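Engineer: quick one, fold the following:
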Amino acid sequence: MSPHKRHISIRLGQLKKMGYPLMDGFRSKRIFVVGDIMLDRYIGGEVERISPEAPVPVLRASEEVYTPGGAANVAANLGALGSSVCLFGMVGDDKEGEIVRELLDNRHISTDGVVVSTGKSTSVKTRLISGTQQIARVDRESDEPIAGEDRERLERLMRAAMEKAPPDGLIISDYAKGVATPDLCGALIAIAKECGGVFVAVDPKGRDFTKYRGCDVITPNQREVEELCGFKIADDSDLERAFKRLFEQRIARVVLITRGRLGISYAEDGKPHHTIPSKAKEVFDVTGAGDTALSALVLSWLSSNSWTEAARTANAAAGIVVSKLGTATVSPGELEAALKAEDGEGAAKIVSRERLSEILSNKKNQSETIVFTNGCFDLLHVGHLRLLGEAKECGDVLIVGINSDESVRRIKGEGRPLISENDRTRLIAALECVDYVTVFDEDTPLELIKEIRPTVLVKGADYTPEQVVGKGFVEEYGGRVEIVPMKEGISTTSIIDKIRKNKAP
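Structural biologist: Below is the predicted model of the structure:
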């Protein structure tokens, strides 16, 4: 197992996970972003006539809006999704540089790593908007490579920050405006490896990706891949050929290609590629969609250790942001709603512990009886169905707590669980008798019970009342414990033993 995977495993064991889709983990992540910082300016108004001086529209400006752009937009997206972010890069010693830093400060994003240069101005993209239509764009920028004292200072800042407290992930956001030089990229990737194998993701630019060699994942768009490979991607065989060409360069162990309306295609080195179709309902503006996808991808991977889940989350986030005008971000609520909509009925029942407390506060105000039960629910069987059905009869709202994968492994031993926590939560949530499902990472549900304060605590008859975790706590405030008869001879362990016996030679 690589160092960064060991680090992730340790962090996951400390999280209070919600099981769906591990977005609670976003808040615990600390990410460094380095790259080309820009200021996006939007001048909005109405076009009512054509200029008499030339055949161009005349925009009657009525508003002017500024947003972080480039690497700063990546940082803004990470912050909007709940993670802790520190941005590294360079701005000019000018008004625009001040505006970018103020915008980031207002979003609680650290700019301690931003170098203010007297030799280079801040990159600015000005878009003229009539209604929802962009009619022109004006760029003021320089693509001269960062050098001299500015270059040395930026690397010193990053090295000191990485060595002092290595982040969970490092994102290199390259817009080809001079910050992500080959020597700086090489140095930063090397530092990341030295600091315990920090996960590195790159949004590349240009036709030479070798300067990113050693990163974990690279996220070019389809046009960039076509330019690099020298052919158009018209079908699946072209896509397969493109992945092969990219992996031959040994740049990253995972390649994810953003493909606009076609969605996202990704592959791990040596494995088949997969494509997730776009779910965008309306496309108003694709500005910054790659930044949003990259941010969601990194946070989801660090929280789930699953490229399937990470790509799916990135695709959903991009589908949301393209329906917004201008450089925009996605909130955790929007992302969770989009993913639950994909999963269909039942997914809305899967909630974080924090969200569950909010829901139950309202339920209790309405004098509803809250029932709680818990278990691993590894291999759902008829005994589980009886327990949950009986539990629902004990009150108005049934909450089911499910042990996380790490918790099951500690309790049941290696080889368990057989079914992942994401799948176990979705199976339980699909049952009509269940109202809400949440995941707990501790060995027992005591802390969760204290948070929920159920009216009724339910367990199966394989427990005596004295063995029920939380019994004393619940009874102290007037709650009660109910023991439900179990179907004899039915348990996950007995089913596993029977399968093993039948398979024995």
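
Engineer: average pLDDT across stretch 132-140?
Structural biologist: Average pLDDT, stretch 132-140: 90.

Engineer: going forward, count from 36.
Structural biologist: Noted, 36 is the first residue going forward, which turns the last one into stretch 167-175.

Engineer: restricting to C-alpha, output that stretch in PDB.
Structural biologist: C-alpha atoms of stretch 167-175 as PDB (Å, rounded to 0.1, in the frame of the first residue of the first chain):
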ATOM      1  CA  THR A 167     -27.500  35.200 -19.900                       C
ATOM      2  CA  GLN A 168     -25.400  35.500 -23.100                       C
ATOM      3  CA  GLN A 169     -21.700  36.200 -23.100                       C
ATOM      4  CA  ILE A 170     -21.000  38.600 -26.100                       C
ATOM      5  CA  ALA A 171     -17.300  39.300 -25.700                       C
ATOM      6  CA  ARG A 172     -14.300  38.500 -23.500                       C
ATOM      7  CA  VAL A 173     -11.200  40.600 -22.800                       C
ATOM      8  CA  ASP A 174      -8.100  39.000 -21.400                       C
ATOM      9  CA  ARG A 175      -5.300  41.000 -19.700                       C
END
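
Engineer: ok, residues contacting that stretch?
Structural biologist: Applying C-beta atoms under 8 Å, 6 or more residues apart in numbering, the set of residues contacting stretch 167-175 from outside is 82, 92, 94, 156, 158-164, 319-320, 360. (C-beta placed from N, C-alpha, C; glycine too.)

Engineer: can you check my assumption that Ile394 lies in a helix?
Structural biologist: Yes. Counting by DSSP: H, G, I helix; E, B strand; the rest coil, Ile394 falls inside a helix.

Engineer: what residues does it make contact with?
Structural biologist: Val386, Tyr471.

Engineer: could you do Leu422 as well?
Structural biologist: Thr408, Gly410, Val493, Gly495, Val519, Met521.

Engineer: tell me the mean pLDDT over the helix or strand where it lies?
Structural biologist: Assigned by DSSP states H and E, Leu422 belongs to helix 417-427. For helix 417-427, mean pLDDT is 89.

Engineer: I'd like to check the angle between the helix or strand just after that helix and helix 417-427, please.
Structural biologist: Heading C-terminal from helix 417-427, the first helix or strand you meet, by DSSP H and E, is strand 432-438. Using axes from the mean of the first three to the mean of the last three C-alpha atoms, to 10 degrees, one finds that strand 432-438 and helix 417-427 are set 140 degrees apart in direction.

Engineer: for strand 432-438, packing partners?
Structural biologist: On a contact count with 3 or more C-beta pairs under 8 Å, 6 or more residues apart in numbering; DSSP states H and E, strand 432-438 meets helix 388-400, strand 405-410, helix 417-427, helix 456-464, strand 471-475.

Engineer: mean neighbour count, the ones you listed: which tops it?
Structural biologist: Burial of the helices and strands packed on strand 432-438 is given as mean neighbour count (mean count of other C-beta atoms under 10 Å); strand 471-475 ranks first at a mean of 26.

Engineer: after that one, which helix or strand is next?
Structural biologist: Next element after strand 471-475 (DSSP H and E): helix 481-487.

Engineer: what residues of that following helix count as buried?
Structural biologist: By neighbour count on 16 or more other C-beta atoms under 10 Å, the buried set for helix 481-487 is Leu483, Ile484, Glu486, Ile487.

Engineer: quick check: next helix or strand after it?
Structural biologist: strand 491-495.

Engineer: outside of that following strand, which residues touch it?
Structural biologist: So strand 491-495 is contacted by 404-408, 418, 422, 425-426, 429-430, 484, 503, 505-506, 509, 514-521 (C-beta under 8 Å, 6+ apart).

Engineer: re earlier: least confident of the contacts of Leu422?
Structural biologist: Ranking those by pLDDT, Met521 lands last with 70.

Engineer: can you name the residues that contact it?
Structural biologist: Neighbours of Met521 in contact, by C-beta under 8 Å, 6+ apart: Gly418, Arg421, Leu422, Gly495, Ala496, Asp497.

Engineer: right, I'll leave it there.
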